[in-house]
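Visitor: model this:
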Amino acid sequence: MKLIQVKRKTKLENRFAPKMGRLNARVTYIKKQFLGIPIKTLHKYRETYYGEVKDCEDCVLVK
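Guide: Coordinates of the predicted model:
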């Protein structure tokens, strides 16, 4: 068993963009785990409506 692992998990999140309205986006989280317990989120990115992949820090979609 490894002590430190890096896991990737994708889930659907509701986002809001002023021009498009409510949007269901697939957001992927890359997390560092120690003995299976998540410690830190290393990176977070999402897939746009048109299929592009964008960093979640670049685009702020807040209602």
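
Visitor: got any ranges where this protein has weak pLDDT?
Guide: Scanning the chain for pLDDT under 70 picks out the ranges 57-63.

Visitor: switch to 50 and redo it
Guide: Per-residue confidence for the chain (pLDDT under 50) gives these ranges: 63.

Visitor: excluding sequence neighbours, find me the nearest residue to Cys56.
Guide: In this structure, Cys56 finds its nearest non-sequential neighbour in Lys44, 4.4 Å apart by CB to CB, 6 or more residues apart in numbering. All C-beta atoms are positioned from the backbone trio N, CA, C, and that covers glycine.

Visitor: is the one you found in a bridge, and if so with what?
Guide: On DSSP bridges, the residues paired with Lys44 through beta bridges are Tyr29.

Visitor: how near is it to Lys2?
Guide: According to CB to CB, to the nearest Å, Lys44 and Lys2 sit 23 Å apart.

Visitor: higher neighbour count, these two?
Guide: Lys44 (13 against 9; other CB atoms under 10 Å).

Visitor: the more buried one and Ile30 touch, don't they?
Guide: Yes. Between Lys44 and Ile30 there is a contact under CB atoms under 8 Å: 7.4 Å.

Visitor: mind listing the shared neighbours of these two?
Guide: Both Lys44 and Ile30 lack any common contact, where contact means CB atoms under 8 Å, 6 or more residues apart in numbering.

Visitor: now do Leu12 against Val27, distance only.
Guide: Counting by CB to CB, the gap from Leu12 to Val27 is 8 Å.

Visitor: so these two - more neighbours on which side?
Guide: Using other CB under 10 Å as the criterion, Leu12 and Val27 rank with Val27 on top: 16 against 9.

Visitor: quick check, Lys31 in contact with Leu42.
Guide: Yes. The pair Lys31 / Leu42 is scored as a contact, 6.6 Å apart, by CB under 8 Å.

Visitor: more neighbours: which of these two?
Guide: Ranked by neighbour count (other CB under 10 Å), Lys31 and Leu42 place Lys31 first, with 16 against 12.
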